[in-house]
Structure formats: structure tokens, C-alpha cells
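Q: missing the sequence, but the structure's below:
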């Protein structure tokens, strides 16, 4: 985890790292939870009309089913019919994909309409074993701004005449993923190599700011949808690295890794990417590349080296809770829900009680705030084996000051919670046994963020249970 900055097998929930990338690469795909659509037979061909000049039809209309010139061979007629049906189906699929379960439409990449949920999901809340009530989650729509495919404004620079650092940029659908960004390239700063990197060479960190202006679905952006960043050194493209450079001073100044840019629309995100120029590589880069080096959206920036890390200044963030109706925690009639893992079919019952302030562990550097979520969870149904895999539990995250905060297992002191009888959320338990759990969140930064939303499910997706992140004064007694 220290080398990649992403969860691994020993972290709280390793599926989240994979889910982020999958959500980014397939974020316009809507999961079908309802019955499959009923096949519609093609209409009966009408009487051939008087021939008229051909005029293209809009993509949302069916292809003309008028009679075609007859062919003498039977297989040719069959092939033509099959081709027409396939064309109609293909156009219908690409034009609009409708999810009957959620009432949403997903359109193909590059269109101006994004998948947006108009109503929140339904949360099944369990009051006691055997009884249940249904409470609506958020009834407000999640606001997203449509990303367009218009040409990027302003110059893009070139290898011989790069743009100066400080020049702002816009990026639409980078890496083929629906979304749009605006930002600024600030320049390069030299830092030492990390203690794990004994190879000779030079470390350069590119700094900038970025903010999403459109996201495909959910409450926050996906870092995998950010534009690519690379260098040209000695005429060759050099990709960015992870964990080969000591970025302690960069993080302390308020910058975060670019691929962690999971933020709300309109929230500023100061970012960094690191480059290691090994021995045999010219020490001085020629230009900074923003965008796919092999694509048409690439921009060239001057590889200007800065004497020090620039301050992030006053940052703007947009609250994720704006316009949302959040469910309360601490109330069993509303804060208890059932969850079925689609892969394993394991069923869980979980109640959220609240967040409790905690201290950072000794030796943890950098400012921040620790919040520990407490609640109860019960393995109701185990599809296979005698104990449900804890990794099939519902994933819970926090959004604070417009940023996604993932569970943390290494920076918060939870000893007082252990003494009170709470255990790690991903501890195993026998079916029907309720355990009191704890789950830590570390809100990093010079000015720790204010909690806005507790999200059950993946925040880059379309289906979530949204709760108030209420901070309670003390650890509840069991």
C-alpha cells in the first residue's frame, strides 16, 4: 500500500481499488437488476413508397423497413433480414440503454447526456429479526454536469513551443472515460529518492491543480478519469512512477496523488505525479505532456523547475450533501439496512450508530483528524461455507469537504474502542451473530475536512445508501 497508495489484500476492503478502476472504465454502464427486456418483433414491412432521394435518419429513429430489391437466392434474403435486425438492435443499444430497475438511461461515450439517477435507492431497514420496513434513501437527484465533446479551447503548444506553466487547461473524456476537468500545470519540483529506491537517478514531481466539471455517475469523480501526465526526456516519453520518490514535503504542503482525485464537481484538488529519471537518462526534461501522448488532446508545457513547493492557497470545495435527503444514523428504524453481495450472495444486516473522534497513533506524521464509525453487523445468510467472507460486507466510505475519504487501518488509535468491546468491521462471525464493529477514517490535510455524507456502496456508482455523518460525544456502551 505504501508503494502504490492503493488498498491491497491486507487493507480494509481491497475490492475498492479494483472497483474504482472498473467504475471509471465502465461508468456509463448501468447494472440491470430488473427482468431482461422483452424482445420486440420487427414491424411488418409497409408497401414500398414512391422512390425518393435518400435522407439520413436521426440515430434515435428506427431504420426504414421498406422493401429491398428481391434476390433470387433464399440465403441472401435471410442474410439481409438478419442484418437489418442486427443494425436496428445495435443502433437502439448504442443510442439509449435503459435500466428498468433504476429508471436511468446510459448513453455511449462521447455523448452529451450522462447517466443520472432521478431518485435515490430504496433502503430495506430491519427493526428486528423477521420484521422490516422500507425507507427511501435520497429522493434528490445527484447533480452532474454533462460533458461535451467540443474542441478544447486555447492553444495546445508543441515540442518546440510549449505552453508556459501556469496556463490553465480543460480536458473532456480523458482516457475515453466520460467526464470533464479544468486545472493548471504549476511546474516541477526536485525531491529526494524514497528510502526504498537505491537506484541512482533524479526525482522530479510535477505539481498542479485540477477540478472536475462533470462526472459520469455517483457523488465523486474517479481518479482513473483524470488526464494522463508524462514527460519527454531525451526525445522519449517517460511515464510517471509511484513510491520511487520521497513526496513527504509535497503531501505536507497539501498536495495529493492524482489518481486519488475522487472529489465532487467544483472541488479544487491540488495534485502531484512523480517521475524518476534513472542513470543514463538526461537529467533535464524537455516538456511536460498532459493527455495521451498518442492522442489528439495532448498539451505541451514547459518543463519549468520551481525553487520550492508552491502553497496551495485558498481552495474551493462543493459539499456532496447539497440537495440530498440523508438518512439518520443511530435510529434503528432508519439506520439499519440489509445488503446482499451480488458475487457471493451473502446477506448482511448492518446498523450505523455514529462517528466518534479518536486520536492519531504515535509516530504518524502530517496533520489530520480521526473519526471512527461504530455500529453492529450480522451475517444473516451464508451462501457457502460456515462463515461469510468479511470482504463481502458492504463498503462504507466518507465524503468530507468535497473529498472521498476511504477507510484507514494504520493512522488512528482504536485501543479505547477495543477495550469497550468493538472489533474491526471485517472480522469474521458465525451466521446470526451480531458483532459491534469499528471502522476508522483519517481526514488528512492542513485543515481537516468536515464530514458531509456517509456512503454505503461505491461512491463513483449510481446506487448508494446515503447517511448523515453524525459525530457523537462518546463511545457507546455495549
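A: Happy to help now that I have it. Computed from a predicted structure; not experimentally measured.

Q: so residue 388 makes contact with residue 428?
A: Yes. Contact status for residue 388 versus residue 428: in contact at 7.5 Å, counting by C-beta atoms under 8 Å. For every residue, glycine as well, the C-beta is placed using N, CA and C.

Q: Neighbour count: those two, which is higher?
A: residue 388 (24 against 13; other C-beta atoms under 10 Å).

Q: low pLDDT regions in the stretch 251-400 of the chain?
A: Scanning the stretch 251-400 of the chain for pLDDT under 70 picks out no residues.

Q: Phi first, then psi, for the nearest residue in space to residue 200 that is not next to it in sequence.
A: Spatially, and ignoring its direct neighbours in sequence, residue 200 is nearest to residue 279 (4.6 Å; C-beta to C-beta, 6 or more residues apart in numbering). Main-chain dihedrals, residue 279, degrees, to the nearest 10: phi -60, psi 140.

Q: For residue 279, give me its contacts.
A: By C-beta atoms under 8 Å, 6 or more residues apart in numbering, the contact set of residue 279 is 199, 200, 201.

Q: Residue 206 bridge partners, please.
A: On the basis of DSSP bridges, residue 206 is bridged to residue 188, residue 273.

Q: and the helix or strand hosting residue 373, what other elements does it pack with?
A: Element membership for residue 373 (DSSP states H and E) is strand 368-381. Using 3 or more C-beta pairs under 8 Å, 6 or more residues apart in numbering; DSSP states H and E, the elements in contact with strand 368-381 are strand 347-358, strand 396-400, strand 434-444.

Q: Quick one: classify residue 391 as helix, strand or coil.
A: Three-state assignment for residue 391 (DSSP: H, G, I helix; E, B strand; the rest coil): helix.

Q: do the one 3 residues further on as well
A: With three-state DSSP as the basis, residue 394 sits in coil.

Q: can you tell me how far it sits from residue 471?
A: Distance, residue 394 to residue 471, using C-beta to C-beta, to the nearest Å: 21 Å.

Q: neighbour count winner among the two?
A: residue 394 (18 against 12).

Q: Contact partners for the more buried one?
A: Going by C-beta under 8 Å, 6+ apart, residue 394 touches 339, 348, 350, 456, 457.

Q: Could you check how far it is from residue 406?
A: Going from residue 394 to residue 406 by C-beta to C-beta gives 14 Å.

Q: Buried ones in the strand holding residue 373, by neighbour count?
A: Within strand 368-381, the residues that qualify as buried are 368-380, counting by 16 or more other C-beta atoms under 10 Å.

Q: and if you look at stretch 269-280?
A: For stretch 269-280, burial by neighbour count (16+ other C-beta under 10 Å) applies to 269, 270, 271, 272, 273, 274, 275, 276, 277.

Q: ok, now stretch 430-448?
A: For stretch 430-448, burial by neighbour count (16+ other C-beta under 10 Å) applies to 435, 436, 437, 438, 439, 440, 441, 442, 443, 444, 445, 448.

Q: was I right about the fifth one contacting residue 427?
A: No. Here residue 439 does not reach residue 427: they are 11.0 Å apart, not a contact under C-beta under 8 Å.

Q: Need the overlap of contacts for those two.
A: When C-beta under 8 Å, 6+ apart defines a contact, no residue borders residue 439 and residue 427 alike.

Q: ok so, going back, same list (the contacts of residue 394) but as a markdown table, adding neighbour count and distance to residue 301.
A: A markdown table is the format used below for the contacts of residue 394 (neighbours: other C-beta atoms under 10 Å; distance: C-beta to C-beta, whole Å):
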| residue | neighbour count | distance to residue 301 |
| --- | --- | --- |
| 339 | 20 | 46 |
| 348 | 19 | 48 |
| 350 | 23 | 47 |
| 456 | 22 | 41 |
| 457 | 19 | 38 |
